[in-house]
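Trainee: got a predicted model here, sequence first, then my questions.
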Amino acid sequence: MTIQRIASKWEKTKVIRQKESLRPYIPDTRKYSFEHLRDMLVAYGYVFVKPDHGTYGIGVMSIELWTDDLNPDSPLQYKLRHGIEYELYPTVEELHAALIAKIGPKPYLIQKGIHLLTYRRRRFDIRALVQLTPRKTWETTGFIGRIAAQQKVITNYHGGGSVMLIEDLLSSYLTPKEFTEKYKEMKSVGVQAAVQLSRKFPKLKEIGLDIAIDEQHQIWILEVNTKPALFPFKLLHPKEVYQKIRRYAVAYGRLKDKSAKAK
Ligand SMILES: Nc1ncnc2c1ncn2[C@@H]1O[C@H](COP(=O)(O)OP(=O)(O)O)[C@@H](O)[C@H]1O
Ligand SMILES: [Mg+2]
């Protein structure tokens, strides 16, 4: 059984954007160019630049407007962050030149930056796992909160991030009732994204959505992964959660059925 994987973030964004009900959840995303960099910095003041075919947060950078708080006369600058480092550039032209030197010939995207909520001053976002059920319907089977390492803009586990239950991360921001509503909304967005992508890519069996929650508590789809990690759901949840994830993954051929007798 083949499981469809799509590497290009641009291709996946184009497909999910076609669905009217998903559009409000997708931050403005464009192919990287000087014009888009300039225009999006004016429009949003905070942008992400990332490889179209990236994973694990590798090559993901953010740019924000920056002024020296201690010196009110200091000019506005652009702060480019990558890893735990940052550089300041006085003009968009210089920023672009520095980005081009880092990017090289690879296709990159530029996306509106979402101001993530924080936990102990570290940014966090949410991974939602959506799977094809044995009855061939789509179901959001799990969520996990991902917290960036200190001073990093990426929350990826492979980029030094850690994981927590979303209930614990969101309890200081949302009332139980609000949490239940967000939870339902995220589950529904996950299923809608899977349904929409599988119209174009019929062999899709599972997706992982990177979901951001901003300071207004609005949810955003940062990216869709077609080879989502399953192991994070083993770590913190009651074991029933991973049992179901595993059962579905066995049914569509991602995992082997360990209980099956060797022949
Ligand atoms: N537009 C954005 N706004 C805020 N944070 C972002 C944005 N895009 C990416 N990030 C952060 O960087 C991480 C990695 O970016 P992502 O697009 O998921 O690429 P990758 O495929 O490498 O995981 C995200 O999980 C998130 O923490
Ligand atoms: Mg990601």
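Mentor: Alright, I've got the coordinates. Ligands and ions are numbered 1, 2, ... in the order given.

Trainee: quick one: Gly113 and Leu65 touch, right?
Mentor: No: using CB atoms under 8 Å, Gly113 is not in contact with Leu65; the gap is 10.7 Å. Where you see a C-beta, it was placed from the backbone N, CA and C, and this is true even at glycine.

Trainee: which neighbours do the two share?
Mentor: By CB atoms under 8 Å, 6 or more residues apart in numbering, Gly113 and Leu65 have these common neighbours: Tyr46.

Trainee: more neighbours: which of these two?
Mentor: Set Gly113 next to Leu65 and count neighbours by other CB atoms under 10 Å: Gly113 wins out with 22 against 13.

Trainee: which residues does that one contact?
Mentor: Applying CB under 8 Å, 6+ apart, we find Gly113 in contact with 27, 44, 46-48, 62-64.

Trainee: how about 6 Å then?
Mentor: 46-48, 62 (CB atoms under 6 Å, 6 or more residues apart in numbering).

Trainee: now swap in Val153 and tell me
Mentor: When contacts are counted by CB under 6 Å, 6+ apart, Val153 touches 62, 81.

Trainee: Val15 should be in a helix, yeah?
Mentor: Yes: the assignment for Val15 by DSSP: H, G, I helix; E, B strand; the rest coil puts it in a helix.

Trainee: quick check: it touching Lys200?
Mentor: Yes: the criterion here is CB atoms under 6 Å, and Val15 meets it with Lys200 at 4.9 Å.

Trainee: more neighbours: which of these two?
Mentor: Applying other CB under 10 Å to Val15 and Lys200 shows that Val15 carries more neighbours, namely 19 against 15.

Trainee: would you mind measuring from Lys203 to Gln243?
Mentor: According to CB to CB, to the nearest Å, Lys203 and Gln243 sit 25 Å apart.

Trainee: er, Leu129 I mean
Mentor: With CB to CB as the criterion, Leu129 and Gln243 are 14 Å apart.

Trainee: ok, those two, which is more surrounded?
Mentor: Taking other CB under 10 Å, Leu129 and Gln243 do not tie; Leu129 has more neighbours (25 against 13).

Trainee: would you check that that one makes contact with Phe143?
Mentor: No: using CB under 6 Å, Leu129 makes no contact with Phe143, being 7.5 Å away.

Trainee: now do the contacts for the residue in the stretch 51-200 of the chain that ligand 2 sits nearest to.
Mentor: Across the stretch 51-200 of the chain, the shortest distance to ligand 2 (CB to the ion) belongs to Asn156, at 6.0 Å. Contact analysis of Asn156 by CB under 6 Å, 6+ apart lists 56-57.

Trainee: distance check, it against Ala229.
Mentor: According to CB to CB, Asn156 stands 10 Å off from Ala229.

Trainee: what parts of this structure come near ligand 1?
Mentor: Residues of the chain lying near ligand 1 by CB under 6 Å from any ligand atom: 27, 48, 50, 54-58, 60, 111-114, 116, 125, 153-156, 210, 212, 222-223.

Trainee: separate out the buried members of those.
Mentor: 27, 48, 50, 54, 57, 60, 111-114, 116, 125, 153-156, 210, 212, 222-223 (16 or more other CB atoms under 10 Å).
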